[in-house]
Structure formats: structure tokens, C-alpha cells
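[1] Structure here, sequence nowhere to be found:
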């Protein structure tokens, strides 16, 4: 047999099967690449959401500190209310029973703003 005729008798589907295999492999790699890109995008969105949650947690922590300082002042407010109410109660008790006046260590004094302004204006 002649060499030229042997080459022509080679089946033609062998060359095209290799091409199909490479094309299929290329498509598989392209799908894999698209999946990695989608995963990267979703990961970036997840990072953004977690950072937003972190900022929200910092805001809530600051709010907790504010609430704590407000609650700290409640005891002082109750002390002031007690100073206002105790002289009234002692006056009512003294009117009913003449006994020793209650000894208080602190006293709340009310001053009119207009009288303070007059004193400051005369200086």
C-alpha cells in the first residue's frame, strides 16, 4: 500500500473527537470560572452585610452606654424627689403632732429666676 493511501484511510472522526473533547473541557472550565465569579460576588455581599451588622452592634453598644448613664442618674433623681417630699411630709406630721423636727442633712431650696436676674443685674 502506498503511504498516501494509508493516510487517507485513517478515520476522520478521531481528529474531530479530540476537538469535541477539548471543546467540552473548555465549556466545563468556563462554567467553573462562572461559578467562582458568582461565589466571589456573593462573598463580597456577605462581607458587606457582616460589616453593616458590626456597625449596628457598635451603635447598640453606644446606646447601651447611654442607657446605663441614664439609669445611673435615676438614683440621684429619687434622692432629689425624696428631698422635696420629705419636708412636706414632715410639715404635715408636725401639724398633726407637735414633736421634734426631723433632722435632715440635705435640703432642696427653690429660688425664683427673676430674683436671681435682678441680683445679677444690680452687680
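    Alright, I've got the coordinates. In this text, all values refer to a predicted model and were calculated from it rather than measured experimentally. Numbering: from 1, shown residues only.
[2] Name the helix or strand for residue 108, please.
    Take DSSP states H and E as the rule and residue 108 turns out to sit in neither a helix nor a strand.
[3] which residues does it contact?
    With contacts defined as C-beta atoms under 8 Å, 6 or more residues apart in numbering, the neighbours of residue 108 are 80, 83-84, 87. (C-beta placed from N, C-alpha, C; glycine too.)
[4] For it, give me phi and psi.
    Phi and psi for residue 108, reported as degrees, to the nearest 10, are phi -90, psi 130.
[5] go on, the one 3 residues further on?
    Comment: the main-chain dihedrals of residue 111 come out as phi -120, psi 140, following degrees, to the nearest 10.
[6] One more: residue 110?
    Note on residue 110: its backbone torsions stand at phi -100, psi 130 [degrees, to the nearest 10].
[7] For it, grab the count of nearby residues.
    Residue 110 has 5 neighbouring residues, counting by other C-beta atoms under 10 Å.
[8] what's the answer for the one 5 residues further on, then?
    Residues contacting residue 115 under the criterion other C-beta under 10 Å number 9.
[9] Mean pLDDT per helix and strand in the chain: which one sits at the bottom?
    Within the chain, no helix or strand scores below helix 3-8, which has a mean of 53 by mean pLDDT, DSSP states H and E.
[10] so after that helix, what's the next helix or strand?
    Taking DSSP H and E, what comes next after helix 3-8 is helix 13-96.
[11] what about that next one, average pLDDT?
    Across helix 13-96, the average pLDDT comes to 87.
[12] Show me what secondary structure element comes after it.
    Trace forward from helix 13-96 with DSSP H and E and the next one is helix 113-122.
[13] Quick check: mean pLDDT of that following helix?
    When pLDDT is averaged over helix 113-122, the result is 75.
[14] Show me which parts of that helix are buried, residue by residue.
    Buried residues in helix 113-122, counted by 16 or more other C-beta atoms under 10 Å: none are found.
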